[in-house]
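> coordinates for the following, if possible.
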Amino acid sequence: MFHIAILGCGVVGSGVADILFEKQEEIGRRFNEEVKLTKILDIKSMEGTPYASYLVSDQKEVLEDETIHLLVVTVGGLDFAAEMCRKALRAGKHVVTSNKAVVAAYGRELTTLAFENNVRFLYEASAGGGIPIIRPLNLCLSANDIYEIQGILNGTTNYMLTGMYRDKMSFEAILKDAQAKGYAEADPSADVDGYDAARKIAILSSIAYNAFVDYQKVKCTGIRDVIYADHELAASGGYVIKLIAGSKISGKGIRVSVEPKLVPKNHILSAVNSVYNAVLVRGSYTGDSLFYGQGAGKFATASAILGDIIEILEAPQRQNLPGFVFQDADIVEGSSEKERFYVRVESQFNDTDYEELKSHIAAVFGGDAVYLGYALSDNSTAAFISGHCTESELGKMLAALCEDANIKVTYIMRIAD
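Next up is the predicted model:
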């Protein structure tokens, strides 16, 4: 007999309950064991739902119930959710969670605590929603030396960037649209400023590189300053704009960031649109592997949680401490690598000025720079793509360009490779 409790019966928690009700007999037959949801811990009323009889409001009714073997933690927030994970693990219960904030901040502690109490702490749903990515990193790709991860890890911002270009909308207009459709919160900061994606790339990077990546050290730039003209100019050069969460082995350390980038239209991530997410993993033997799907949503996320539950049923005693428990990642600040950059500039242009700007760009940046022209939607805005240069070299060349051409640089984005 294997009994399960759920903490938090909101969108994801109710999805877990729905799937368990539908599949628990089938799962039980597979493992020759009765698998049942027995309690749901929540403070809100569930009157009129199929789960009303399962509701308990006192955490002791779950934590001190020795017949409960596993706690699913779908409640949001940080402190309470983390403490409930700790208490459940200390009580000898397996824990499965979708809470990325808990995993990013306390994943190392909770993994160790699970090991010490001979139970398991799993969190497949925390980094990619319904996309299977953590288990492949831990198992299927474990023979590889992973050297880079690139991901579109936030459905809200991907929806916004897709719609901004497709419908010629401003940031403010597409944000209101996303909020009206339930894709963005009333306070959208976690999404649009990149913090949600930063937690996810920190989790994935810790696993991939066997060293703990502190999400608070992730260099984070959101999408608030992206304008429609950027999409227009990027498209003219064969690019789309995506919020890329990425990490890469760089010398003896790891570069990790969340930032809008220009993605070439022949890049595998360029076709990931709307609320969909994708993770590109680059390994020493497999080369490029792409994981694609719904990064959020009731049943997509619940599906990943059920996958963790089934793994625990298959191997409840499997114990290992991953490398990130023992070692901190050396996070590299800045970059000395040569990259290409998109540069947006502003001035009061006329036709002669555009030609002069093009000449100035060629003189300062050389023949590798690509002039994208001016935006039809805003003729005071123009852009170009630099040749390969370091951040330091870019800064010096832009200073010279602004002085020579009497323009102002208003935005810079890297080019994804």
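
> check which element follows the lowest-mean-pLDDT helix or strand in the chain along the chain.
Each helix and strand of the chain was given a mean pLDDT (mean pLDDT, DSSP states H and E); the minimum falls on helix 351-365 at a mean of 84. Sequence order places strand 370-375 as the next helix or strand after helix 351-365, per DSSP states H and E.

> quick one: buried residues of that next one?
370, 371, 372, 374, 375 (16 or more other C-beta atoms under 10 Å). The way it works is simple: take the backbone N, C-alpha and C, and place the C-beta from them, glycine included.

> correct me, but the third one touches residue 382?
Yes. Taking C-beta atoms under 8 Å as the definition, residue 372 is a contact partner of residue 382 at 7.3 Å.

> joint contacts of these two?
Taking C-beta atoms under 8 Å, 6 or more residues apart in numbering as the contact rule, residue 372 and residue 382 both touch residue 233.

> redo the buried residues of strand 370-375 as JSON lines? Include distance to residue 334 and pLDDT.
As requested, the buried residues of strand 370-375 are exported to JSON lines (distance: C-beta to C-beta, whole Å; pLDDT from 0 to 100):
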{"residue": "370", "distance to residue 334": "24", "pLDDT": "96"}
{"residue": "371", "distance to residue 334": "27", "pLDDT": "94"}
{"residue": "372", "distance to residue 334": "26", "pLDDT": "96"}
{"residue": "374", "distance to residue 334": "31", "pLDDT": "90"}
{"residue": "375", "distance to residue 334": "30", "pLDDT": "91"}
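
> distance to residue 238 added to these, as TSV?
Shown next, in TSV, are the buried residues of strand 370-375 (distance: C-beta to C-beta, whole Å):
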residue	distance to residue 238
370	10
371	14
372	10
374	17
375	16
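
> packing partners for the least confident helix or strand of the chain?
Contact here means 3 or more C-beta pairs under 8 Å, 6 or more residues apart in numbering; DSSP states H and E; on that basis helix 351-365 packs against strand 370-375, strand 378-385, helix 391-405.

> winner for burial among those?
strand 378-385 (a mean of 20; mean count of other C-beta atoms under 10 Å).

> that strand to helix 391-405, inter-axis angle?
Computed by axes from the mean of the first three to the mean of the last three C-alpha atoms, to 10 degrees, the angle separating strand 378-385 from helix 391-405 equals 140 degrees.

> sheet partners, orientation included, of strand 378-385?
Sheet pairing of strand 378-385 (DSSP bridges) gives strand 341-346 (antiparallel), strand 370-375 (antiparallel).

> residues making contact with the first one?
Yep, that's strand 341-346 we're talking about. Here strand 341-346 has contacts from 229-230, 233-234, 239, 262, 357, 380-386, 389, 394, 398, 405, 407-415, using C-beta under 8 Å, 6+ apart.

> please enumerate the helices of the protein.
11-31, 60-63, 79-90, 100-116, 125-128, 134-135, 155-166, 171-180, 189-192, 195-209, 228-236, 298-314, 351-365, 391-405 (DSSP state H).

> pick the most deeply packed of those helices.
Of these, helix 125-128 is the most buried (mean count of other C-beta under 10 Å), at a mean of 29.

> tell me, how many residues neighbour the residue nearest to residue 333 when sequence neighbours are not counted?
Once flanking residues are discounted, residue 333 sits nearest to residue 219: 7.8 Å by C-beta to C-beta, 6 or more residues apart in numbering. When neighbours are counted by other C-beta atoms under 10 Å, residue 219 registers 16.

> the helices of the chain: lowest mean pLDDT?
Mean pLDDT values for the helices of the chain show the minimum at helix 351-365, a mean of 84.

> contacting residues for residue 310?
So residue 310 contacts residue 27 (C-beta under 8 Å, 6+ apart).
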